[in-house]
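**Student:** only geometry, no sequence info:
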């Protein structure tokens, strides 16, 4: 009789749970699916005391990373660029204004990268897609119910309409991809279609220009990649080029024919915005000034936003934007935020990491017709577009950044012989 250690990974059972006469076998794959889904659920939206769930789970994933390190060596060796920025973040402790804060957040960022490797080793893109759908649907339902009685329905259960808009774009696109995924049960796809309609409705409720444009762009990407099953990829590219050319020509005709016509100003006006993006461009000028003072190394995390200092630039910004001294604030641009705190060297490392992940995901989307891969392209679009007006890019425990990194890592999975508690993986992206 085989012992548990000698059993194949797919037969290895951690525990058995009997409910109403049915026995549920808790396998390593199911365990990690539950843990990753819980992690996505908790990080999708911050709530009070969420660290009581996050920190114990983070410790488990740290242990799992060490346990599975022999199986991760090849993947790590071919994605070393992903570790460059976290190590630079930790290194900035030596010159940062608040070294304790930098060290703590830097270690959290390293742990965030480890969790991405653990998730990719154990799960498939489809399982990640389901985890995101479950979390997004839950907050979508809560926001819908909150909007029925709230005086500010455009916020839902989130802190701002932009936060609701971004979250519901994730729901809209994840649910849309799930409803088109023939690898899922029909009943699940029907539920996903309903969740997609809910996400689309809440995007409209949020009245966020970024969310509307992202929702439309993501929809076009999903349709474009899905149509590859009907026609050749090159025919689609040819059609896309012609559509873009015609659109650009019509836009130019309108711009020259209508006096004093500014399409950007007209578009922003539809959502109650001005050309300063609600003061963001003013903030960006402050960031450029700070970057000129410390261009290469930056000031480290927490080194700029010091409103308690009455003589600091941050104090002046807080006064200009009517913020309380204890409020959290940012430059509302992830790239400028990084350049100020980690310098242009840190920004260069981030851009290189982004280029690596985006290249891997794009190539995978071209040659792999599975729907979950399409979702990673959409999530990349959301992350990079959101980074132009918000922070969160490659920050500790940032869900969108983690999903973006996972999308790149899924292209590196290798075949290995499973041991106790391990599952096999394929060299290509697994649906």
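**Tutor:** Great, that's in hand. This one's a predicted model, so the numbers in the text were calculated from it and none came from an experiment. Numbering: from 1, shown residues only.
**Student:** mind checking the end-to-end distance for stretch 391-402?
**Tutor:** Using C-alpha to C-alpha, to the nearest Å, the end-to-end distance of stretch 391-402 comes out at 14 Å.
**Student:** just the strands in this structure please.
**Tutor:** 15-19, 22-26 (DSSP state E).
**Student:** by mean pLDDT, show me the worst of those.
**Tutor:** Among the strands of the chain, strand 15-19 has the lowest mean pLDDT, at a mean of 61.
**Student:** which stretches of the stretch 201-350 of the chain form helices?
**Tutor:** Ranges of helices in the stretch 201-350 of the chain, per DSSP state H, counting those that start in this stretch, are 209-226, 233-257, 263-270, 280-293, 313-320, 334-367.
**Student:** worst average pLDDT in these?
**Tutor:** helix 263-270 (a mean of 52).
**Student:** run through the residues that contact residue 92.
**Tutor:** Taking C-beta atoms under 8 Å, 6 or more residues apart in numbering as the criterion, residue 92 is in contact with 102, 106, 297-298, 300-301, 341-343, 346. Any C-beta I mention is one placed from the backbone N, CA and C, and that applies to glycine too.
**Student:** ok, it to residue 176 distance?
**Tutor:** In this view, residue 92 and residue 176 are 40 Å apart by C-beta to C-beta, to the nearest Å.
**Student:** just residue 147 next, same as before
**Tutor:** In terms of C-beta to C-beta, residue 147 sits 21 Å off from residue 176.
**Student:** quick check: end-to-end length of stretch 91-103?
**Tutor:** End to end - C-alpha to C-alpha - stretch 91-103 spans 8 Å.
**Student:** which secondary structure element of this structure has the lowest mean pLDDT?
**Tutor:** Ranking every helix and strand in the chain by mean pLDDT, DSSP states H and E puts helix 263-270 at the bottom, with a mean of 52.
**Student:** pick out whichever of residue 147 and residue 176 has more residues nearby.
**Tutor:** Legend: neighbour count by other C-beta atoms under 10 Å for residue 147 and residue 176, higher for residue 176 (27 against 19).
**Student:** can you get me a residue count around the residue nearest to that one when sequence neighbours are not counted?
**Tutor:** Nearest residue to residue 176, sequence neighbours excluded (C-beta to C-beta, 6 or more residues apart in numbering): residue 196, at 4.8 Å. Residue 196 has 24 neighbouring residues, counting by other C-beta under 10 Å.
**Student:** over to residue 332?
**Tutor:** Neighbours of residue 332 (other C-beta under 10 Å): 20.
**Student:** my guess is residue 184 contacts residue 126. True?
**Tutor:** Yes - counting by C-beta atoms under 8 Å, residue 126 is a contact partner of residue 184 at 7.5 Å.
**Student:** now do the residue nearest to residue 176 against residue 202, distance only.
**Tutor:** 11 Å.
**Student:** same question, residue 392
**Tutor:** Using C-beta to C-beta, residue 392 is found at 20 Å from residue 202.
**Student:** again, but for residue 118
**Tutor:** 32 Å.
**Student:** more neighbours: which of those two?
**Tutor:** residue 202 (26 against 22).
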